[in-house]
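>>> got a predicted structure here, sequence first:
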Amino acid sequence: MLRLVLPTSLLLVCLIFILTSCNPDSSDPRSSIDDQGRIRITDRTGESWDITYAIQELGFQIHEFGHGLGRDAIQPLIDPTVLNPGAPGYPHEHELFQMIGVALEGASRGYSIRRLIRHEVVNDSLGETAFVATY
């Protein structure tokens, strides 16, 4: 019979790890309850967000929140340059790629998914109408 002998301190560390990892609410330093009893999470920039309603009324769990990158962490495309056919960077006639398109007031504009992967949001306008497109 094989008998494994571990130091008491190692067993104690393992036990503490197991007990604290069973409850994600108490082990996550980014979540807390404030003086008014509101449940809050803190993003990577240190900004705090009240998630009480989501937890108490909608049934979310704290571990379901990713805590986010923080406000304005991903820069939007603002009034991007429009490329016309034949311009440098304009896709070739037979090139295939994914796009998000917007059509307003008889005008249209397209945004490549390849570019939106890094930005996720476009702030632009067609005619006199400003709009936001998201990916």
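Received, thanks. Residues are numbered from 1 along each chain as shown.

>>> in stretch 113-129, what's buried?
Residues of stretch 113-129 classed as buried by neighbour count (16 or more other C-beta atoms under 10 Å): L116, H119, V122, D124. Backbone N, C-alpha and C define where each C-beta goes, glycine included.

>>> can I get these in TSV including distance to I62 and secondary structure?
Output for the buried residues of stretch 113-129, formatted as TSV (distance: C-beta to C-beta, whole Å; DSSP: H, G, I helix; E, B strand; the rest coil):
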residue	distance to I62	secondary structure
L116	30	helix
H119	29	helix
V122	32	strand
D124	37	strand
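
>>> got any ranges where the chain has weak pLDDT?
1-29, 67-68 (pLDDT under 70).

>>> and the gap between the residue lying closest to N84 once chain neighbours are set aside and D72?
Nearest residue to N84, sequence neighbours excluded (C-beta to C-beta, 6 or more residues apart in numbering): Y90, at 6.8 Å. Between Y90 and D72 the computed distance is 30 Å (C-beta to C-beta, to the nearest Å).
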